[in-house]
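S.K.: fold the following.
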Amino acid sequence: MKLKTFYVRAAAAAAAALLFLYPFPAHAADSAALQGQVSAAQREYESAASTLDSMQQQASDTRQQVNDLQSQTNALRGQLGSIVAQLEQSRTELAEAQNQATAAAKALEEKQAAFSARYDSCKQQLTAMQLLNEGGEISLLMQADDLYELLTFWQVLNDLTEHNKQLLDELDAEAQALDTQRQQAEAAATQAEQAAQALQARQDELTQTQIQLEQALQQASTELDSQQAAAEAQAAVTEEKRKAYEQATAALDAYLKAQSQKYQDPARHCSLDFTCPLPSVGRISTYFGEPDAVYNKPHTGADMPAASGTLIYAVADGVVSAASARPSYGNCVQIDHGTADDGSSYATLYAHMSSFCVSAGQTVHKGDVIGYVGNTGDVRGANGGYHLHLELRINGTRTDPLQYIPH
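M.R.: Residues are numbered from 1 along each chain as shown. The predicted model follows:
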């Protein structure tokens, strides 16, 4: 609960209670001076309370900002942890891919060397065969030991040529396969390197964002500390203004109590034959005891909406003990109805009038017009609407008027 709400409730409750307990002043000059002091103190208090409320709202907004920044920072730390783990995994995969590419390149190099060696051997054989074609084969045939060697000589040469060709084809196919593996390994290594670079860039980006968030968080936290300190100081000022307001109200009420004695007559009889205070009551907008919309405290009477200027009647015979304007009730009239047969005293109050047409000390009868419906005073609880606020007090205690007064 905000301090302003507590202060307003306490001050408003005290002022309203004292107001209904004591009637309004008979001496206008003294009353006006005290009323002026109360009004000034009330304005200062409400201004201080409003400032406090604004400061507390500002601190609340900043606190929410701090919480949001903290949540963002925590979330970012989680993202960074995930990115770091992914980056480590990516670097491991990159190293494996690079090793595979190196191994594939080495295997290809070895296979190409084997191919080159075999190719050189084949060239030497082809050179020798070329010499045979140029007449050397006659000399070689003359060295045959038997007829079989002589007859198979050309077959051996052809088989040797075919074997070399087949071997070279196999070496070439293996080299091509190894080259494909090398290309795939190099592509995988390149892809892994690109992934690692992307993750590193993302990590750098998140790290920079984290730095900015932490700086903003530190700034907001410092600002929040300053705002909270200022709000605490303003709360102390508001408390002093509240006390001054209560003291001014107490002084006025003490004066009103002294002035009210002349209107009290225990011998005055109250028949309890009450009448409706309005020509008609369509609905009750706020019931007795219902939390009001401004201070969230129990409502002290019953609110009866009506058009501006609607006649307001005295609910029973009595003497007007007060007819004046008050900050909370606005233009209002209070009537003392005397003592009933059960020994209880009864009084009623009619508030927020546009104007009243009776004065303190005047005798009124049930059904007499005492004023007109308005919206003077503090009518925030009724959203500023025109209505009659009716209160009933039995032996000084507020009671639900709808239990006794027709409506």
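S.K.: packing partners for the helix or strand hosting Glu186?
M.R.: Secondary structure from DSSP states H and E places Glu186 in helix 147-260. Applying 3 or more C-beta pairs under 8 Å, 6 or more residues apart in numbering; DSSP states H and E, we find helix 147-260 packed against helix 3-21, helix 28-131, helix 137-141, strand 318-326. All C-beta spots, glycine's among them, are computed from the backbone N, C-alpha and C.
S.K.: if you compare the directions of the longest one and strand 318-326, what angle comes out?
M.R.: Translated: helix 28-131. Interaxial angle of helix 28-131 relative to strand 318-326 (axes from the mean of the first three to the mean of the last three C-alpha atoms, to 10 degrees): 50 degrees.
S.K.: so how far is helix 28-131 from its chain's centroid?
M.R.: Between the centre of helix 28-131 and the centre of its chain there are 25 Å (C-alpha atoms, centre = their mean, to the nearest Å).
S.K.: quick one: average pLDDT of it?
M.R.: The pLDDT scores in helix 28-131 average 78.
S.K.: helices or strands next to it in the packing?
M.R.: When contacts are defined as 3+ C-beta pairs under 8 Å, 6+ apart, helix 28-131 packs onto helix 3-21, helix 147-260.
S.K.: what's the angle between that helix and helix 147-260?
M.R.: Counting by the same axes, to 10 degrees, helix 28-131 points 180 degrees away from the direction of helix 147-260.
S.K.: would you verify that Pro277 is located in a strand?
M.R.: No - counting by DSSP: H, G, I helix; E, B strand; the rest coil, one finds Pro277 to be coil, located in no strand.
S.K.: so the residue nearest to Ser345 when sequence neighbours are not counted bridges to which residues?
M.R.: Nearest residue to Ser345, sequence neighbours excluded (C-beta to C-beta, 6 or more residues apart in numbering): Thr339, at 5.1 Å. Assessed by DSSP bridges, Thr339 has beta-bridge partners His269, Ser345.
S.K.: for Asp53, give its distance to Glu246.
M.R.: 19 Å (C-beta to C-beta, to the nearest Å).
S.K.: can you check Met304 too?
M.R.: 30 Å.
S.K.: kindly report the same for Arg202.
M.R.: To Glu246, Arg202 is 63 Å away according to C-beta to C-beta.
S.K.: neighbour-wise, which of these two wins?
M.R.: Glu246 (18 against 15; other C-beta atoms under 10 Å).
S.K.: quick one: pLDDT of that one?
M.R.: On the pLDDT scale, Glu246 gets 85.
S.K.: can you check the one 10 residues further on too?
M.R.: pLDDT for Leu256: 59.
S.K.: same check on the one 4 residues further on?
M.R.: According to the per-residue confidence, Ser260 scores 58 in pLDDT.
S.K.: could you do Gln200 as well?
M.R.: At Gln200, the model reports a pLDDT of 82.
S.K.: how far away is it from Glu214?
M.R.: In this view, Gln200 and Glu214 are 21 Å apart by C-beta to C-beta.
S.K.: check Ala230 too.
M.R.: For Ala230, the distance to Glu214 equals 25 Å [C-beta to C-beta].
S.K.: now Leu69
M.R.: Distance, Leu69 to Glu214, using C-beta to C-beta: 9 Å.
S.K.: ranges for the strands of the stretch 251-400 of the chain?
M.R.: 302-305, 311-313, 318-326, 330-339, 345-356, 363-364, 369-373, 387-394, 397-399 (DSSP state E, counting those that start in this stretch).
S.K.: distance from the chain centre to the fifth one, please.
M.R.: Put simply, strand 345-356 sits 44 Å off its chain's centre (C-alpha atoms, centre = their mean).
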